[in-house]
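Q: Task: produce atomic coordinates for the following.
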Amino acid sequence: MALILAILIFVTVVVVVFSFGAAAMTPASVLGSRLRALGWQRADAPEKPAMRDRLEHALNPLSKALPTSATEVSRTHAWLIQAGYRDARHVTIYFGIRSLLALVFLAGVLISGAGLDSPMLLLGVPALGFFIPRFLLKRKIRDRQRRIRLGLADALDLTVICVEAGLALDQALARVAQELHHAHPDLSDEFYLVNLEMRAGKPRAEALRNLASRTGVDDLRALVATLIQTDRFGTSVAQALRVHSDSLRTERRQRAEEQAAKTTIKMVPPLVIFVLPSIIFVTIGPAVIQLVRMLLPEMGGR
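A: Next up, the predicted model:
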């Protein structure tokens, strides 16, 4: 009798525990919802904003404190697009960074005490911090344009192959963007954006002009002019691209020859400053030392 009672108690406890656990863990259970409401299940912590959002939120007051005209904002936005920053918030971040660096440099001058006696230093150091982001932005634009310029010849060859294979210009640009994604990512992104604009309904000429304005590369601007004229007059796209590719390669060869010719002139200052004095010391130095040794006793005897 005691054994049966123990078994019944054990079975009852197991059933009660299992029922309570099932009711608590079931999402649609009333008991489970009440337990979660009482704090048995912690509410999900709110997601923290991304680093870019926090940076934009922190720099937004600084960017608004800087007086800028609509023309300057438009020009800066165009520069940022040429550097690869296409979002509208990048303008806010850019102006905020300029103001922040100016304030940091001004605080550094005031803390060090060097600018208290020199008004020029007090004005020049914050101005330096204010113009450093523009210098870095210009440098990034030049680097990106150089990368696009280097990848343009390969892109033209692939475009000629795609057009001769029977693809339309839109499909050829999409295929070239796909193939150059790893080798030349900047040019691939630009071709991909051109294809998206044309698929969205923009005329081909307008999409190509936007490509030239986004990059600011002269070779790409010439290519856009060639494609627009070809589309307008109805001539062969493959033939026009092949001729433009040949002229582009000739121009690249001439540009390389020009840079090679400039190296002779660029080597003169290092030779004069570093190499020539060493050669003079090595060749004339022993003779000068011997001459001094011979003349010093004569001058001392007199």
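Q: Per-residue pLDDT of the residue most central in space within the chain, please?
A: The chain has Gly84 as the residue nearest its centroid, 5.4 Å off, counting by C-alpha atoms, centre = their mean. Per-residue pLDDT puts Gly84 at 89.
Q: And Ile228, by the same measure?
A: For Ile228, the pLDDT comes out at 89.
Q: and the helix or strand where it lies, which residues are buried?
A: According to DSSP states H and E, Ile228 maps onto helix 218-233. Residues of helix 218-233 classed as buried: 219-224, 226-228, 230-231 (neighbour count, 16 or more other C-beta atoms under 10 Å). Where C-beta positions appear, they are placed from N, C-alpha and C, glycine not excepted.
Q: Could you list the residues in contact with stretch 146-159?
A: 172-173, 175-176, 179-180, 183-184, 186-187, 190-191, 215, 217, 219-220, 223, 241, 244-245, 248-249, 252 (C-beta atoms under 8 Å, 6 or more residues apart in numbering).
Q: Give me the buried subset of those.
A: If we count by 16+ other C-beta under 10 Å, the contacts of stretch 146-159 have these buried: 172-173, 175-176, 179-180, 184, 186-187, 190-191, 215, 217, 219-220, 223, 241, 244-245, 248.
Q: how about Ala78, what does it touch?
A: Contact analysis of Ala78 by C-beta under 8 Å, 6+ apart lists Ser213.
Q: Look up how far Glu179 lies from it.
A: Distance of Ala78 to Glu179, computed by C-beta to C-beta, to the nearest Å: 29 Å.
Q: How about Gly234?
A: 28 Å.
Q: and if you look at Pro270?
A: Here Pro270 is placed at a distance of 42 Å from Glu179 (C-beta to C-beta).
Q: same question, Ala107
A: For Ala107, the distance to Glu179 (C-beta to C-beta) stands at 51 Å.
Q: what do you get for Ala127?
A: Separation of Ala127 from Glu179 (C-beta to C-beta): 46 Å.
Q: re earlier: ok, the closest residue to the residue nearest to the centre of the chain other than its chain neighbours - contacts?
A: Once flanking residues are discounted, Gly84 sits nearest to Arg144: 5.8 Å by C-beta to C-beta, 6 or more residues apart in numbering. Listed by C-beta under 8 Å, 6+ apart, the contact partners of Arg144 are 82-84, 186, 215.
Q: and if we set it to 10 Å?
A: Counting by C-beta atoms under 10 Å, 6 or more residues apart in numbering, Arg144 makes contact with 82-84, 186-187, 190, 215-217.
Q: Name the nearest residue to Arg134, ignoring sequence neighbours.
A: Using C-beta to C-beta, 6+ apart, the closest residue to Arg134 is Arg98 (7.4 Å).
Q: ok, the one you found to Gln82 distance?
A: 18 Å.
Q: Same check on Ile280?
A: Going from Ile280 to Gln82 by C-beta to C-beta gives 48 Å.
Q: what angle do the helix or strand containing Asp246 and helix 218-233 make?
A: For Asp246, the host element (DSSP H and E) is helix 237-266. Helix 237-266 runs at 160 degrees relative to helix 218-233, counting by axes from the mean of the first three to the mean of the last three C-alpha atoms, to 10 degrees.
Q: Would you mind listing the buried residues in helix 237-266?
A: For helix 237-266, the neighbour count (16+ other C-beta under 10 Å) marks 237-238, 240-242, 244-245, 248 as buried.
Q: can you list contacts of stretch 122-136?
A: If you take C-beta under 10 Å, 6+ apart as the criterion, stretch 122-136 is touched by 66, 76, 79, 83, 93-110, 112, 114-116, 118.
Q: What angle do helix 218-233 and the helix or strand hosting Arg199 make with each other?
A: Secondary structure from DSSP H and E places Arg199 in helix 185-200. Using the same axes, to 10 degrees, one finds that helix 185-200 and helix 218-233 are set 30 degrees apart in direction.
Q: Pull out the buried residues from helix 185-200.
A: 186-195, 197-198.
Q: Show me what secondary structure element comes after it.
A: helix 204-215.
Q: helices or strands next to that next one in the packing?
A: helix 70-83, helix 119-164, helix 169-179, helix 185-200, helix 218-233 (3 or more C-beta pairs under 10 Å, 6 or more residues apart in numbering; DSSP states H and E).
Q: what separates that helix from the chain centre, distance-wise?
A: Centre-to-centre, helix 204-215 and its host chain are 20 Å apart (C-alpha atoms, centre = their mean, to the nearest Å).
Q: That one versus helix 185-200: what angle between them?
A: 150 degrees.
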